[in-house]
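Undergrad: Please find the sequence and the predicted model below.
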Amino acid sequence: MTMMSEVKAALTLAPMKHYGMNGRWRTEAMRSHATPRLIHITKGQGRITVAGLTNGYGPNNLIYIPPHTMYGMEVGPTVFAQIMSLPDDGGMPISPFHLRLRDVGPQKELQALFEAIERELLPSGDPRAVNCHRILLSIFVERQLNNHHDTSSDARRNSASAKLVARYTALIAHDFRSDRTVADYAADLSVTPTHLTRCCQQTCNRSALKLLNERIHFEACILLSETRSSVQDIADRLGFQSAAYFTRTFKDRTGETPTHFRKAL
């Protein structure tokens, strides 16, 4: 019973909301997690960047984000989506996938699975049922990937540019708290900073520096909004040389100081 309680505590399901211009960082800025995510879009459309590759999304799409994979998603006012945090991969693939479900049958089946999990996550629910529906969800995904391999695998992900950018974003996800520069990452990848930036522009219309800065910025916003850590402590944790430099960088990006950002939340 203890083990099942841990599953219930670790698996979460939450809506992805439109936060307006001031809150775009909550969905759009690059972030990564130690555990996987499943994003189910039922309404609206936009763009999502996963491992440095940008694609459009629409209704009845299911997107998988493996652990330690950077991603960011546009969420407009007409979008309805849910994001599921999984305690582990649960039999999911090691690579990202993007399923576009075009048939009504699979669309309804996926919706029913998400609704069942959401229901069992309520206080009146049963963690054993959460686990059972999660297994059914993994079986559904496996079947859909087998049946729609051509639509779930983006051919661009196999290009040299996309593979390089995916490796770059993986390095960022691991080392963004350091003070490493784009040149440092490029050296690790045995390419020049110019070539790395060119590839990033090709795959996601962002520079290599912007990808790095977005990941750092998201973490800064999370620390400011969800912890009571001082600005000095946050600057230290994110590899800034000083609190003053962190404050200046943050203000250049948002138009407000970290302190004002925290008070406005």
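TA: Arrived safely, thanks for sending. Numbers count the residues shown, from 1 in each chain.
Undergrad: Next, count neighbours for D103.
TA: 12 (other CB atoms under 10 Å). Every residue, glycine included, has its C-beta placed from N, CA and C.
Undergrad: swap in A208?
TA: A208: 27 surrounding residues under other CB under 10 Å.
Undergrad: so who does it touch?
TA: By CB atoms under 8 Å, 6 or more residues apart in numbering, the contact set of A208 is Y168, V182, Y185, A186, P193, L196, T197, C200.
Undergrad: Which of those has the largest number of neighbours?
TA: Within these, Y168 tops the neighbour count with 27 neighbours, counted by other CB under 10 Å.
Undergrad: Next up, the contacts around it.
TA: Going by CB under 8 Å, 6+ apart, Y168 touches G52, Y185, L189, L196, C200, A208, L211.
Undergrad: Contacts only, for R134.
TA: Contact analysis of R134 by CB under 8 Å, 6+ apart lists V7, L11, L86, G90, I117.
Undergrad: My guess is F246 contacts S230. True?
TA: No. Contact between F246 and S230 fails when scored by CB atoms under 8 Å: they sit 11.0 Å apart.
Undergrad: Show me where the chain has its helices.
TA: Using DSSP state H, the helices assigned to the chain run over residues 2-10, 104-120, 127-147, 149-152, 160-175, 182-188, 193-204, 208-226, 231-237, 243-254, 258-264.
Undergrad: Just the angle for the second one relative to helix 127-147, thanks.
TA: On the basis of axes from the mean of the first three to the mean of the last three CA atoms, to 10 degrees, helix 104-120 is oriented at 160 degrees to helix 127-147.
Undergrad: residues near L99, how many?
TA: 21.
Undergrad: Please name the nearest non-neighbouring residue to it.
TA: Leaving out its chain neighbours, the residue that sits closest to L99 by CB to CB, 6 or more residues apart in numbering is L62, at 4.3 Å.
Undergrad: What residues are bridge-paired with the one you found?
TA: H40, L99 (DSSP bridges).
Undergrad: before we move on, what about P15?
TA: With DSSP bridges as the rule, P15 is bridged to Q82.
Undergrad: follow-up on the earlier one: JSON lines please, covering the contacts of R134 and showing neighbour count.
TA: Conversion of those to JSON lines gives the following (neighbours: other CB atoms under 10 Å):
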{"residue": "V7", "neighbour count": "17"}
{"residue": "L11", "neighbour count": "22"}
{"residue": "L86", "neighbour count": "22"}
{"residue": "G90", "neighbour count": "16"}
{"residue": "I117", "neighbour count": "23"}
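Undergrad: Out of those residues, the closest to R31 would be?
TA: Nearest to R31 among the contacts of R134 is L86, at 15.8 Å by CB to CB.
Undergrad: So for that closest one, what's the nearest residue that isn't a sequence neighbour?
TA: Nearest to L86 is P36, by CB to CB, 6+ apart, at 4.6 Å.
Undergrad: Could you report the distance from I39 to D88?
TA: 17 Å (CB to CB, to the nearest Å).
Undergrad: ok, now G20?
TA: When G20 is compared with D88 (using CB to CB), they lie 34 Å apart.
Undergrad: Compare those two and say which is more crowded by neighbours.
TA: When neighbours are counted by other CB under 10 Å, G20 and D88 differ, and D88 comes out ahead with 12 against 9.
Undergrad: State the phi and psi torsions of the more buried one.
TA: Backbone geometry at D88, expressed as degrees, to the nearest 10, gives phi -160, psi -180.
Undergrad: I am assuming it contacts T35, so please confirm or correct that.
TA: Yes. Between D88 and T35 there is a contact under CB under 8 Å: 6.7 Å.
Undergrad: pLDDT below threshold where in this protein?
TA: Residues of the chain meeting the criterion pLDDT under 70: 1-9, 149-154.
Undergrad: out of everything not next to it in sequence, what's closest to the residue sitting nearest the centre point of it?
TA: In the chain, the residue lying closest to the centroid (CA atoms, centre = their mean) is Y71, at 3.7 Å. Closest residue in space to Y71, ignoring its immediate chain neighbours: V50 at 4.6 Å, by CB to CB, 6+ apart.
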